[in-house]
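Visitor: My questions are about this predicted structure, shown below with the sequence.
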Amino acid sequence: MLIVLFIGIQLPLVLLGIRPTAPELLHMLVGERLADGQSMYREIYDNTAPISALVFWLLDLMAGRSFLAYRLAAMGLILLQALLLNSTLNRHNVYASKNYLPALLYLIIGSLSFEYNMLTPLLIGNTFLILSLPYIITLNREGYENNRLFVGGFMLGLAAMSFLPLAVFLLVGVFAVIFFASNTFRSTMLMLCGFAFPYAVLMTYYLYTNTNQEFLQLHLLRPWQLQVAFLRPPADVAKLMIIPGLILVLSLLSAASLPQRLVFQVKFQQLMWVWLVASLLVIFTRDEISVATFVIVLPPVAYFGQFFFTSNRKGWILNAVFLVMLVSVLVLRYRIVLGINEFMQMDESPLLLPEQAEVPMQNSTVLVLGNDISYYMQNKPATPYINWNLAQRHFGKLNEYNAVFQLHENFSDEMPQYLVDKAGLMPELTYKLPDIFGKYEQTEHTGVYKLK
């Protein structure tokens with residue numbers, strides 16, 4: 001029944017389709033370049049984490065550049081996460097009785113916005129966080145099932161290798177050791193070894209492929225953006241998140257008023273508090289915040305929501321709150337189909353690819369000097385510079401010899417048939433690298449250059 005409800009809410013809109021989004025297209029370009037044989041970080045300048053890049057590569061091999069495939073994969077991950085979390089809660093007797101209410105809450109709130117249908121590195125990493133949970137809460141004694149903590153740390157490492165800021169959830173692992181383990185120091189070291197193991201394997205691979213430096217520069221050692229920057233208007237994010245926010249507040253108040261319970265259940269609740277704090281820390285230290293960012297709050301919302309909807313309040317009140325939540329999610333999700341989006345005044349355009357006239361090239365290799373990646377919709381990217389922000393390490397330093405040299409080397413290996421100059425750099429590039437950029441001629445379209 002849970003699965004039918006979830007598919008009933010999500011699938012019609014997924015099949016009807018939503019305009020392509022820029023983040024999804026960028027992920028597709030990464031997968032496409034990998035499928036064409038280019039190496040991540042060395043021949044693809046992007047900060048996508050290794051596990052996520054692997055997922056995008058596999059999807060491109062199976063389905064090519066298909067927005068439907070990506071959105072169905074995201075739907076599958078949300079469903080898998082809900083079932084895994086609910087199974088863990090029931091198996092470890094976290095509540096007084098076993099039920100599927102947490103999974104129900106997870107799936108309903110996970111249907112709130114089309115952004116949860118975007119296959120993001122954060123969504124991929126969240127799966128590994130939930131997979132780590134049954135291993136890090138194991139009540140272990142000296143020499144007994146210590147391997148489970150290693151596996152838990154390993155899962156946390158895979159989460160960080162899917163989306164680097166999820167390394168913050170090592171705090172959750174450390175607190176789990178403090179709450180549940182008998183030998184805190186030894187157990188913590190074991191979990192940290194599990195966390196470091198996938199990175200050790202990856203660094204060894206990159207060492208042999210001479211990609212370590214690029215991996216460190218483009219991904220592992222990128223500075224944290226300790227500022228709040230919204231990818232779409234903050235008011236829109238607030239409107240969409242008010243429902244899970246209210247449910248979370250009511251649930252936290254209900255959990256705080258519970259009578260004495262088993263020691264394990266109390267410790268697990270304390271751990272979920274740490275999970276909630278870690279989630280908020282990851283969200284508000286990202287360089288881009290949108291509704292999709294809040295997917296990591298779904299596990300604590302689903303866990304704490306159980307306490308509110310099974311509380312001693314009158315049944316009609318609980319039923320009314322649940323119905324209001326469900327109807328609100330449906331209205332918000334179907335607001336465009338229902339034609340009421342103009343009354344809610346929500347603007348999704350910052351996420352969507354711009355609608356533009358027919359581009360002057362089709363099925364060609366293109367490089368866009370700027371942030372408008374819509375030109376790649378009907379064309380293939382060429383050169384490593386698919387992420388314009390990271391391309392600034394070369395294009396933004398044209399007064400430095402090393403940057404100009406790297407541009408020469410990259411374009412010597414792979415020259416696109418078209419250059420779309422949105423940044424006004426072609427005059428300087430032609431002057432400094434005439435043997436490369438002098439081979440391009442202006443077309444009748446402003447800012448579009450074609451290889452002679």
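Guide: Nice, thanks for sending it over. Source: prediction; values computed, not measured.

Visitor: quick one: pLDDT of the nearest residue to Ala196 once chain neighbours are set aside?
Guide: On the basis of CB to CB, 6 or more residues apart in numbering, the spatially nearest residue to Ala196 that is not a chain neighbour turns out to be Gly157, at 6.8 Å. Using the backbone N, CA and C atoms, a C-beta is placed for each residue, glycine as well. If you check Gly157, the pLDDT there is 97.

Visitor: Might one say that Gly157 is in contact with Gly194?
Guide: Yes - when contacts are counted by CB atoms under 8 Å, Gly157 is listed as touching Gly194 (6.6 Å).

Visitor: if you count what's nearby, which of those two comes out ahead?
Guide: Regarding Gly157 and Gly194, a neighbour count based on other CB atoms under 10 Å identifies Gly157 as having more, with 28 against 25.

Visitor: residue contacts, that one?
Guide: When the contact criterion is CB atoms under 8 Å, 6 or more residues apart in numbering, the partners of Gly157 are Gly194, Phe195, Ala196, Phe197, Pro198, Tyr199.

Visitor: which residue ranges form the helices in the stretch 301-450 of the chain?
Guide: Along the stretch 301-450 of the chain, the stretches classed as helices by DSSP state H, counting those that start in this stretch are 315-333, 335-338, 341-344, 388-395, 401-413, 426-432, 434-437.

Visitor: is it possible to export those to a markdown table including mean neighbour count?
Guide: Compiled in a markdown table, the helices of the stretch 301-450 of the chain are given as follows (neighbours: other CB atoms under 10 Å):
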| stretch | mean neighbour count |
| --- | --- |
| helix 315-333 | 14 |
| helix 335-338 | 13 |
| helix 341-344 | 12 |
| helix 388-395 | 17 |
| helix 401-413 | 15 |
| helix 426-432 | 15 |
| helix 434-437 | 15 |
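
Visitor: could you dump the contacts of Gly157 to CSV with pLDDT, distance to Met40 and secondary structure?
Guide: Conversion of these to CSV gives the following (pLDDT from 0 to 100; distance: CB to CB, whole Å; DSSP: H, G, I helix; E, B strand; the rest coil):
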residue, pLDDT, distance to Met40, secondary structure
Gly194, 95, 24, helix
Phe195, 96, 21, helix
Ala196, 96, 20, helix
Phe197, 96, 20, helix
Pro198, 96, 15, helix
Tyr199, 95, 15, helix
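
Visitor: Reformat those as CSV; add distance to Gln378.
Guide: As requested, the contacts of Gly157 are arranged in CSV below (distance: CB to CB, whole Å):
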residue, distance to Gln378
Gly194, 45
Phe195, 42
Ala196, 43
Phe197, 42
Pro198, 37
Tyr199, 38
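
Visitor: Among those residues, the buried ones, what's the PyMOL command?
Guide: In PyMOL, selecting the buried portion of the contacts of Gly157, with burial taken from 16 or more other CB atoms under 10 Å, looks like this:
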select buried, resi 194+195+198+199
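
Visitor: thinking again about what came up before, check which helix or strand covers the residue nearest to Ala196.
Guide: Per DSSP states H and E: Gly157 is located in helix 147-162.

Visitor: C-alpha coordinates for that helix, CSV please?
Guide: Taking only C-alpha atoms (Å, rounded to 0.1, in the frame of the first residue of the first chain), the coordinates of helix 147-162 have been written out as CSV:
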residue,chain,number,x,y,z
ASN,A,147,33.4,-5.8,12.3
ARG,A,148,29.9,-4.1,12.2
LEU,A,149,31.4,-0.8,13.3
PHE,A,150,34.0,-1.1,10.5
VAL,A,151,31.1,-1.7,8.0
GLY,A,152,29.3,1.3,9.5
GLY,A,153,32.3,3.5,9.0
PHE,A,154,32.7,2.2,5.5
MET,A,155,29.1,3.2,4.7
LEU,A,156,29.8,6.7,6.0
GLY,A,157,32.9,6.8,3.8
LEU,A,158,30.8,5.9,0.8
ALA,A,159,28.3,8.6,1.7
ALA,A,160,31.1,11.2,1.8
MET,A,161,32.4,9.8,-1.5
SER,A,162,28.9,10.5,-2.9
